[in-house]
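Undergrad: starting from these lines, generate the structure:
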Amino acid sequence: MKSSEAELDSRFGLRDLLGLRGHAAWLFLLMLEATIALYMARNFGEAPHWAALLGMGLMLSAGALVLAVPVDPLPIPVALFAAIAPPVATGLTVMNPVAASTHQSVWSAFASSYVFAVLVLRGRIRTAWVGVVGVAGVLLLAGLEDHLQLRAVIGSLVPVGTVAAISVFTAVMRPMQRTLRLLREDAMMRAAAEATMAAAESERGRQLARLDRVARPILERIAEGAELSATEREECRLLEAELRDGLRAPQLVTDELSGAARGARSRGVEVVLLDDGGFAGVPEWVRKRVIDAATRELDAANAGSVTVRVLPIGRRVLATVLAHAPDHDLRTEIDTDGQVSVID
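TA: Below is the predicted model:
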């Protein structure tokens with residue numbers, strides 16, 4: 001049960017609840033990256049260009065990863081990078097002043113708060129707070145080494161409130177998320193049940209229509225009490241075999257193959273069609289290749305027997321066509337890739 005809930009959580013997180021999917025997610029990513037870039041650009045006047053540029057690259061990469069990776073919660077390596085990048089970027093910009101004057105503000109700390117907030121939304125609250133502690137540690141160290149004024153240190157810790165607010169919001173939303181997840185699971189189960197019922201009803205209608213089309217004329221003759229001729233009795237035999245094919249191998253029954261099977265039976269060939277479900281998940285062109293191979297063997301047979309079998313799912317060979325004649329045996333195999341091999 002717990003594994004099932006974890007699987008559902010990975011498919012329905014706060015990102016889904018907030019609509020951060022598709023075009024909305026890309027728009028949010030663009031806004032996040034623009035905000036980070038605007039904050040980090042202020043460092044170019046207070047730190048060496050190489051440090052400011054490297055810090056901006058780290059922050060933009062972290063912001064992109066926390067939104068672009070589609071798995072919830074975020075994978076541990078991605079979450080760790082998003083937690084480590086802001087302290088490193090902050091250290092680069094505050095530990096390398098361009099002059100003897102101290103920094104008046106730490107723009108990297110403000111940019112970091114947005115990355116940590118998204119990290120919380122992606123299910124990595126603890127990792128986000130590790131990052132917050134890392135940024136705070138860098139700021140305190142910079143203040144002790146006179147790279148940063150005390151009021152700047154205190155002011156730069158204000159964005160911690162953003163992460164705290166998002167963390168509280170996440171905790172409040174968890175019950176609603178769980179309820180919506182259960183509702184979605186219930187809706188998916190209902191949709192699957194309705195689809196199964198619709199498919200069964202469609203198949204039932206198709207079989208009834210086919211039965212009405214092929215069997216009604218002869219059944220009406222029998223109901224009228226008419227004496228059947230030899231030709232009509234032969235027609236009943238062929239019809240019975242064709243209806244049996246529809247029950248044993250519904251995926252093999254096509255107008256082309258049914259016509260070939262009827263012709264072979266009329267020439268005295270014993271025909272057996274079997275379907276063990278191997279067509280599930282197989283492309284339509286591969287299924288057609290099996291039917292074409294079976295049709296060729298049925299058209300060529302004049303005596304003996306022809307057995308067409310679709311094997312169970314998971315076999316390397318998808319279907320076999322075994323033609324047994326008085327003078328030779330021929331085995332045709334079709335694999336799941338559509339490759340046809342003939343064994344004489």
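Undergrad: tell me the confidence at residue 202?
TA: At residue 202, the model reports a pLDDT of 83.
Undergrad: with residue 306 instead?
TA: pLDDT, read off for residue 306, is 93.
Undergrad: could you do the one 5 residues further on as well?
TA: Confidence at residue 311, expressed as pLDDT, is 91.
Undergrad: tally of neighbours for it?
TA: 20 (other C-beta atoms under 10 Å). (Glycine included, C-beta is placed from N, CA and C.)
Undergrad: next one: residue 80
TA: 15.
Undergrad: quick one, what contacts the nearest residue to it once chain neighbours are set aside?
TA: Nearest residue to residue 80, sequence neighbours excluded (C-beta to C-beta, 6 or more residues apart in numbering): residue 127, at 6.7 Å. Counting by C-beta atoms under 8 Å, 6 or more residues apart in numbering, residue 127 touches 79, 80, 82, 83, 119.
Undergrad: farthest-apart pair in the residues you listed, please.
TA: The distance between the two most remote of these (C-beta to C-beta) is 10.3 Å, for 80 and 119.
Undergrad: where do the helices sit along the stretch 1-150 of the chain?
TA: In the stretch 1-150 of the chain, the segments counted as helices under DSSP state H, counting those that start in this stretch are 2-11, 14-17, 22-41, 49-68, 76-94, 107-121, 125-144, 150-156.
Undergrad: looking at the ones you listed, which is buried most?
TA: helix 107-121 (a mean of 27; mean count of other C-beta atoms under 10 Å).
Undergrad: for it, which helices and strands make contact with it?
TA: helix 22-41, helix 49-68, helix 76-94, helix 125-144, helix 160-223 (3 or more C-beta pairs under 8 Å, 6 or more residues apart in numbering; DSSP states H and E).
Undergrad: need the next SSE after the last one, C-terminal direction.
TA: Sequence-wise, the next helix or strand downstream of helix 160-223 (DSSP states H and E) is helix 230-248.
Undergrad: what angle sits between the next helix or strand after that following helix and helix 230-248?
TA: Where DSSP H and E defines the elements, the next helix or strand beyond helix 230-248 is helix 255-266. Helix 255-266 and helix 230-248 are oriented at 130 degrees to each other (axes from the mean of the first three to the mean of the last three C-alpha atoms, to 10 degrees).
Undergrad: check which helices and strands the helix or strand that helix 255-266 is followed by sits against.
TA: Beyond helix 255-266 on the C-terminal side, the first helix or strand identified by DSSP H and E is strand 270-275. Here strand 270-275 touches helix 230-248, helix 255-266, strand 305-310, going by 3+ C-beta pairs under 8 Å, 6+ apart.
Undergrad: so which of the ones you listed is nearest residue 331?
TA: Nearest of these (C-beta to C-beta): strand 305-310, 9.8 Å.
Undergrad: who does the helix or strand just after that closest one pair up with?
TA: As assigned by DSSP H and E, the chain's next helix or strand after strand 305-310 is strand 317-324. Sheet pairing of strand 317-324 (DSSP bridges) gives strand 305-310 (antiparallel), strand 329-335 (antiparallel).
Undergrad: can I get the shortest one as PDB, trimmed to CA atoms?
TA: Once non-C-alpha atoms are left out, strand 305-310 reads as follows in PDB (Å, rounded to 0.1, in the frame of the first residue of the first chain):
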ATOM      1  CA  SER A 305      -3.400 -29.700 -42.200                       C
ATOM      2  CA  VAL A 306      -2.500 -26.100 -41.500                       C
ATOM      3  CA  THR A 307      -2.200 -24.800 -37.900                       C
ATOM      4  CA  VAL A 308      -1.800 -21.100 -37.200                       C
ATOM      5  CA  ARG A 309      -1.000 -20.200 -33.700                       C
ATOM      6  CA  VAL A 310      -0.300 -16.800 -32.000                       C
END
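Undergrad: what residues sit buried inside it?
TA: Across strand 305-310, burial judged by 16 or more other C-beta atoms under 10 Å covers 306, 307, 308, 309, 310.
Undergrad: hang on, residue 277 in a strand?
TA: No: remark: residue 277 does not belong to a strand; assigned using DSSP: H, G, I helix; E, B strand; the rest coil, it is coil.
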